[in-house]
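Undergrad: Generate a structure from the sequence data that follows.
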Amino acid sequence: MEFTLKRTMHVMAILLIIAAVTQAIYTALYIAEANVPRQLLWGSEGLIFVLLAAFAGSALADSKRYSLGFSAILVAATLNVVQVGVGLTLFGSFGETAGAIDGFGPAMSGIVAFSFMVYNAAKILLGLAALVFGMAKMAQGAKALGGLTAFVGVFAMIANTASMAMGREVFGELPLAGGSGVLATLLLAVCLFGAVQED
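TA: Numbering: from 1, shown residues only. Got it, this is the predicted structure:
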């Protein structure tokens with residue numbers, strides 16, 4: 001099968017939608033205080049982001065006009081692999097150590113803070129990609145979809161920058177950083193599915 005730029009963009013859109021859905025499922029289970037199957041969900045996310053990085057890299061190599069958008073998706077996917085890896089490999093061991101050794105709590109807090117720093121950075125990049133492809137859709141005449149995607153992308157960039165700079169508690173109980181990032185991801189996927197014109 002030949003992976004044209006258009007077909008590659010469609011695969012990326014599917015992967016972005018699946019990633020957003022898995023994040024929503026994890027968040028819902030966490031809020032409901034259900035037993036979250038972290039290994040399954042995060043492991044699946046890891047695979048999704050590895051594949052997304054590969055397809056984004058392929059699109060980046062083929063693209064002229066949208067290189068910034070594809071580059072943002074590629075780096076965001078790579079950062080998400082790191083973030084998922086930290087969660088799967090370090091949360092458990094550092095959490096157990098913090099529970100067993102007095103004074104080890106700050107080390108666990110540092111691991112969690114690092115994980116969220118990477119998470120926010122990835123969401124900033126997905127917001128940037130949403131801005132790029134939202135503007136592209138606007139230029140093609142889809143002003144409502146393009147405008148909404150670009151707006152949410154900019155909002156996600158600002159919210160996640162604030163979360164990185166001022167801490168996760170900057171918005172209190174409101175999940176503005178993560179929520180706007182997930183929404184930007186979904187709208188970005190819709191724009192990619194809508195077949196932004198090939199270079």
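
Undergrad: Past the worst-scoring helix or strand of the chain on mean pLDDT, which element shows up next along the chain?
TA: None of the helices or strands of the chain scores lower by mean pLDDT, DSSP states H and E than helix 91-100, at a mean of 74. Counting by DSSP states H and E, the element after helix 91-100 in chain order, helix or strand, is helix 105-139.

Undergrad: Gly87 and Leu183, how far apart?
TA: 22 Å (C-beta to C-beta, to the nearest Å). Just so you know, the C-beta spots here come from the backbone N, C-alpha and C atoms, and that holds for glycine as well.

Undergrad: same question but for Thr97, I mixed them up
TA: 36 Å.

Undergrad: between the two, which one's more packed in?
TA: Neighbour totals were compared for Thr97 and Leu183, and Leu183 leads with 19 against 13 (other C-beta atoms under 10 Å).

Undergrad: Skip the chain neighbours and tell me the closest residue to the residue positioned nearest the centre of the chain.
TA: Nearest to the geometric centre of the chain sits Lys123, at 4.8 Å (C-alpha atoms, centre = their mean). Leaving aside its sequence neighbours, Lys123 sits nearest to Gly181 (C-beta to C-beta, 6 or more residues apart in numbering; 3.1 Å).

Undergrad: right, and the secondary structure at the one you found would be what?
TA: Put simply, Gly181 is helix when judged by DSSP: H, G, I helix; E, B strand; the rest coil.

Undergrad: ok, it touching Phe155?
TA: No. Using C-beta atoms under 8 Å as the test, Gly181 is too far from Phe155 to be in contact (9.5 Å).
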